[in-house]
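K.L.:
Quick one, structure for this:
(2 chains)
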Amino acid sequence: MDKTVRTRFAPSPTGFMHIGNLRTGLYAYLFARKNGGKFILRIEDTDRERMVDGAIEMVYRTLATAGIDYDEGPDRDGGVGPYIQSDRMSLYREYAEKLVELGGAYYCFCTKERLEGLQDENGTHTYDKHCRNLSKEEVAARLAAGEPYVIRQKVPEHVVSSYEDMVFGEISVSSDDIEDGILLKSDGMPTYNFANVVDDHLMGITHVIRGTEYLSSTPKYNLIYDAFGWERPRYMHLPPIMKDATRKLSKRFGDANFEDFVAKGYLPQAIVNYIALLGWCPKDNREKMTMEEMTEEFDVSGISTSSSIFDEAKMRWLNGEYLKAMTEEEFYKVSAPYIAASKVGGKYDEAEIARLMQTRVDILSEIPDKIAFLDDFGEYDLGMYVHQKMKVDLNVAKQAVKVSIDAIKDLDVWNEESIKDAVKAAAEAAGMKSGQVMFSMRVALTGQPSTPGGAIEMAVVLGKEESLRRLEFSQEMLARA
RNA sequence: GGCCCCAUGGUCAAGUGGUCAAGACAUCGCCCUUUCACGGCGGUAACCCGAGUUCGAACCUCGGUGGGGUCACCA
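P.N.:
Below you'll find the predicted structure:
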């Protein structure tokens, strides 16, 4: 009984893809996949002013790294193209004129000056339908005379236009609150909303998924479908993602776009997973999900009607979960560029560093700062040796550092196990608790109050030679105290 | 301002007439421990307000308040 589901994502190529936009695309994708339908990419580039070079490629790239693949688009013909709006311009005039014949639209010759005089006290102007009832003869004559014109929608009077939104339920608007809007501009170009209706219909879109900014104007679009005698699509409007309680997330805030988060060290799948959760909750309340799992679980009933605030702290956490779930090799692979770019890049065993970082960072870009100390060794505050719980003070530290130097200086095998065994044995022989030695040794090796890893791990990363150099340096400092 | 929509902890949210109102992030405390993390355990913290309907409302109705959206020859 049902036609194949067809959804579309129709971004304007104006630069980076922001999070709210991506989420809309993601939901349209998930809905199509869940229902065995098709997901179509259409580029809405009718606004030449806002066009940005290379932005279409950016859309492709973003979708690809986000793991959202489309069945039809500018580069994947599905037979209902072109899929770039600027290539469809000739269509719109044809359909606008057809709509005039059908009685759903009319020619309007009003000048901009006349229109400006229609503004009310709030600065909003509502067209007064001045040209709505011009006679056919008059229209023909003025057209023949070459007068500039636009084509306006002929909105029926005194009717209520309503539809059943899949997430918001019934939405009703009186046609008297709907203006006779312009469909075809005087330059022959369609307005966005007209192009949208024509394209969606021609492309066989069955479910229109978009932001709530269209919630109350949808009845107006429906009236166009009706006038054409076309079947109306189903609608799914999505609540906005906010920056805070009163401001919508927007491009203007700069860092709310996908590419920036990727550059900041977020994993694409973590970003996608997180934004899927903003405004949608799966039945079982799961949070960490693969694209396949989201597809499986996706359901309109879980989409919320209220806006949500973007919380980077939670996205960081989720990203950390993805990082921790990786194998050591996988993590090494994604972290290597960040280690290489740090000031210690190339100086130490990077696989070892990666291993230390895996449970200690939420996003990859934290790595450089976290390991900078490896390169930063010199005079430090001896006060950090004093540790109540560890039962360490300066005298214990002196002893401990000596013990650790003796323990490792003749070691042939340099790995976690051998060092640990040697130091523990030496501590025991000296009658000290291994914690006392380990703690002191860690400080002596790094000169830092806290480090990502303990004494043994630090020694492994530093290597034997450097470890001994540092321990001896610390021994001298302690001797002077 | 007209019209449309929304309202559960700081944040994301479950909940669809009877719950001690889930869970997650954040936050705080404890445990583990070789510092820091990871991990484990626990705590603080919410139904915007007011009327109804009902034996009984976070859930239904109305009003208020607050917030968002929309009213272009932009998309």
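K.L.:
So for the helix or strand of chain A with the lowest mean pLDDT, what gets flagged as buried?
P.N.:
Every helix and strand of chain A was ranked by mean pLDDT, DSSP states H and E. The lowest is helix A:112-116, at a mean of 85. Judged by neighbour count using 16 or more other CB atoms under 10 Å, the buried positions of helix A:112-116 are residue A:115. All C-beta spots, glycine's among them, are computed from the backbone N, C-alpha and C.
K.L.:
after it, next one along is what?
P.N.:
helix A:136-144 (DSSP states H and E).
K.L.:
The residue of the stretch 301-450 of chain A found nearest RNA strand B: what's it in contact with?
P.N.:
Distances between the stretch 301-450 of chain A and RNA strand B by CB to the nearest atom of the strand are smallest at residue A:306, namely 3.0 Å. For residue A:306, the contact set (CB atoms under 8 Å, 6 or more residues apart in numbering) comprises residue A:239.
K.L.:
In a strand, it, correct?
P.N.:
No. Checked against DSSP: H, G, I helix; E, B strand; the rest coil, residue A:306 lies outside a strand; its state is coil.
K.L.:
Can you read off the pLDDT for it?
P.N.:
Looking at residue A:306, its pLDDT reads 96.
K.L.:
Kindly report the same for residue A:254.
P.N.:
Residue A:254 carries a pLDDT value of 63.
K.L.:
go on, residue A:168?
P.N.:
96.
K.L.:
Around it, how many other residues sit close by?
P.N.:
By the criterion of other CB atoms under 10 Å, residue A:168 has 17 neighbours.
K.L.:
got it, and residue A:29?
P.N.:
Residue A:29 - counted by other CB under 10 Å - has 28 other residues nearby.
K.L.:
Ok, residue A:445 next?
P.N.:
That count, for residue A:445 with other CB under 10 Å as the rule, works out to 28.
K.L.:
what's the answer for residue A:391, then?
P.N.:
Residue A:391 has 12 neighbours, counted by other CB under 10 Å.
K.L.:
dump the residue contacts of it.
P.N.:
A:433, A:436.
K.L.:
Swap in 7 Å and give it another go.
P.N.:
Contacts here follow CB atoms under 7 Å, 6 or more residues apart in numbering; on that basis residue A:391 touches residue A:436.
K.L.:
What residue in chain A comes nearest to RNA strand B?
P.N.:
For chain A, the residue closest to RNA strand B is residue A:454, as judged by CB to the nearest atom of the strand, at 2.1 Å.
K.L.:
residue boundaries of the strands in the stretch 51-200 of chain A?
P.N.:
Secondary structure of the stretch 51-200 of chain A (DSSP state E, counting those that start in this stretch): strands at A:105-108, A:150-153, A:160-165, A:169-174, A:182-184.
K.L.:
Residue A:35: which of those strands is closest?
P.N.:
strand A:160-165 (17.5 Å; CB to CB).
K.L.:
Counting neighbours, show which residues of that closest one come out buried.
P.N.:
A:161, A:163, A:165.
K.L.:
restrict those to those near RNA strand B?
P.N.:
Among the buried residues of strand A:160-165, proximity to RNA strand B is found for none (CB under 7 Å from any atom of the strand).
K.L.:
quick revisit: the residue of the stretch 301-450 of chain A closest to RNA strand B and residue A:290: what is the separation?
P.N.:
Distance, residue A:306 to residue A:290, by CB to CB, to the nearest Å: 27 Å.
K.L.:
Check residue A:377 too.
P.N.:
43 Å.
K.L.:
go on, residue A:331?
P.N.:
Distance from residue A:331 to residue A:290, by CB to CB: 18 Å.
K.L.:
neighbour count winner among these two?
P.N.:
Between residue A:331 and residue A:290, counting by other CB under 10 Å, residue A:331 is the more crowded of the two (22 against 12).
K.L.:
Now for the residue nearest to that one when sequence neighbours are not counted, how many residues are close by?
P.N.:
Using CB to CB, 6 or more residues apart in numbering and skipping the chain neighbours, the partner closest in space to residue A:331 is residue A:358 (4.8 Å). Burial of residue A:358 is recorded as 18 neighbouring residues (other CB under 10 Å).
K.L.:
Show me where the stretch 201-350 of chain A dips below the pLDDT cut-off.
P.N.:
Counting by pLDDT under 70, the stretch 201-350 of chain A contains low-confidence ranges at A:252-255.
K.L.:
can you list the residues of it near RNA strand B?
P.N.:
So far as CB under 7 Å from any atom of the strand goes, the stretch 201-350 of chain A lies against RNA strand B at A:212-213, A:215-217, A:239-240, A:242, A:245-248, A:277-281, A:283, A:285, A:287, A:301-302, A:304-309, A:311, A:313-314, A:316-317, A:324.
K.L.:
picking that back up, which one, of the strands of the stretch 51-200 of chain A, ends up nearest to residue A:460?
P.N.:
From the strands of the stretch 51-200 of chain A, taking CB to CB, the stretch that ends up closest is strand A:160-165, at 59.6 Å.
K.L.:
Just to be sure, residue A:236 is in a strand?
P.N.:
Yes. Assessed by three-state DSSP, residue A:236 belongs to a strand.
K.L.:
For it, list the residues it contacts.
P.N.:
A:166, A:167, A:207, A:209, A:300.
K.L.:
The second one against residue A:299, yeah?
P.N.:
Spelled out, that is residue A:167. No. With contacts defined as CB atoms under 7 Å, residue A:167 does not count as touching residue A:299, sitting 10.9 Å away.
K.L.:
Between those two, which has more neighbouring residues?
P.N.:
residue A:167 (20 against 14).
K.L.:
could you measure the more buried one against residue A:210, distance?
P.N.:
11 Å.
K.L.:
Show me whatever sits in contact with both of the two.
P.N.:
In contact with both residue A:167 and residue A:210: residue A:237, using CB under 7 Å, 6+ apart.
K.L.:
wait, does the least confident helix or strand of chain A make contact with RNA strand B?
P.N.:
Yes. Using CB under 7 Å from any atom of the strand, helix A:112-116 reaches RNA strand B at A:112, A:115.
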